[in-house]
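Student: generate coordinates for the sequence data below:
(chains A and B)
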Amino acid sequence: DGGITQSPKYLFRKEGQNVTLSCEQNLNHDAMYWYRQDPGQGLRLIYYSQIVNDFQKGDIAEGYSVSREKKESFPLTVTSAQKNPTAFYLCASSLKGLVNNEQFFGPGTRLTVL
Amino acid sequence: GQQVMQIPQYQHVQEGEDFTTYCNSSTTLSNIQWYKQRPGGHPVFLIQLVKSGEVKKQKRLTFQFGEAKKNSSLHITATQTTDVGTYFCAGRWSGGSNYKLTFGKGTLLTVNP
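Tutor: Numbers count the residues shown, from 1 in each chain, chains lettered A, B, ... in the order given. The predicted model follows:
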């Protein structure tokens, strides 16, 4: 059953702690993305990766870090430098190219920092 | 940075009424995609528009891309309770990354049965 998995669904952390969110896909997609969703704000791009071992900052990369060591995996670390980390985090993937490049989203991780 | 403005932010309708959400960009888009997110769920791709003046239909949903490729709309005819959710447009601009999408803030549709 192909798709994108994110774990865990809910995550609680204390302020000042780094936390890593998991994202795995078995769709054989080259590109992967991380978005943050806050109420009324839509989806804002944090980082994206077009190919293994390469990634680019999105619109709100400060306080976040990523790695892309494997095609299937694109973990996101929310560092203690992120001033307002409580949010719903969505991972997505897509094919390369100008057509058929719709993004497939995982179920999301809701992070709450106490 | 480049933005896609989406209106309205909220829309409440009676079941059977029509619904429209609009997206605008100040500069010409390369293409635009539409997504639907059900309450508590994740965004799901609906359609991509690429050509100037393009109109595509999916059952009761009609998607349009403006002649100048600066605006787009999603129209739902005779809404049903299953249409409830947030509808997002997401645009790409020429000269930018083929991968980076910029999402509008979405329109939350609620339907009164």
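
Student: what sits against the most centrally placed residue in chain B?
Tutor: Central residue of chain B (Cα atoms, centre = their mean): B:C89, 3.9 Å from the mean position. By Cβ atoms under 8 Å, 6 or more residues apart in numbering or on different chains, the contact set of B:C89 is B:4, B:6, B:21, B:23, B:32-35, B:72, B:74, B:103-104. For glycine as for every other residue, the C-beta is placed from the backbone atoms N, C-alpha and C.

Student: how about it, nearest residue that isn't a chain neighbour?
Tutor: B:C23 (3.7 Å; Cβ to Cβ, 6 or more residues apart in numbering or on different chains).

Student: give the burial count for the one you found, as a bare number.
Tutor: 27 (other Cβ atoms under 10 Å in any protein chain shown).

Student: from A:A81, how far out is it?
Tutor: Distance, B:C23 to A:A81, using Cβ to Cβ, to the nearest Å: 33 Å.

Student: now do B:L109
Tutor: B:L109 is 37 Å from A:A81, by Cβ to Cβ.

Student: when those two are compared, which one has more neighbours?
Tutor: Using other Cβ under 10 Å, the more surrounded residue of B:L109 and A:A81 is B:L109, with 21 against 11.

Student: tell me the residues of chain B that contact chain A?
Tutor: Residues of chain B lying close to chain A by Cβ under 8 Å from any Cβ of the partner chain are B:1, B:6, B:9, B:31, B:33, B:35, B:41-45, B:48, B:50, B:88, B:90, B:97-106.

Student: the residues you listed in strands, which ones?
Tutor: B:6, B:31, B:33, B:35, B:43-45, B:48, B:88, B:90, B:102-103 (DSSP state E).

Student: ok, now how distant is B:Q2 from B:G66?
Tutor: Remark: distance between B:Q2 and B:G66 (Cβ to Cβ) = 16 Å.

Student: can you pull the contacts of B:K56?
Tutor: Contacts here follow Cβ under 8 Å, 6+ apart; on that basis B:K56 touches B:47, B:49, B:62-63.

Student: how about the strand or helix carrying it: buried residues?
Tutor: Secondary structure assigned from DSSP states H and E places B:K56 in strand B:55-58. Neighbour counts over strand B:55-58 (16 or more other Cβ atoms under 10 Å in any protein chain shown) mark no residue as buried.

Student: may I have the strands that pair with it, each with its orientation?
Tutor: Strand pairing for strand B:55-58, determined by DSSP bridges: strand B:61-65 (antiparallel).

Student: what residues does the partner strand touch?
Tutor: Counting by Cβ under 8 Å, 6+ apart, B:32, B:34, B:46-47, B:49-57, B:71-77 sit against strand B:61-65.
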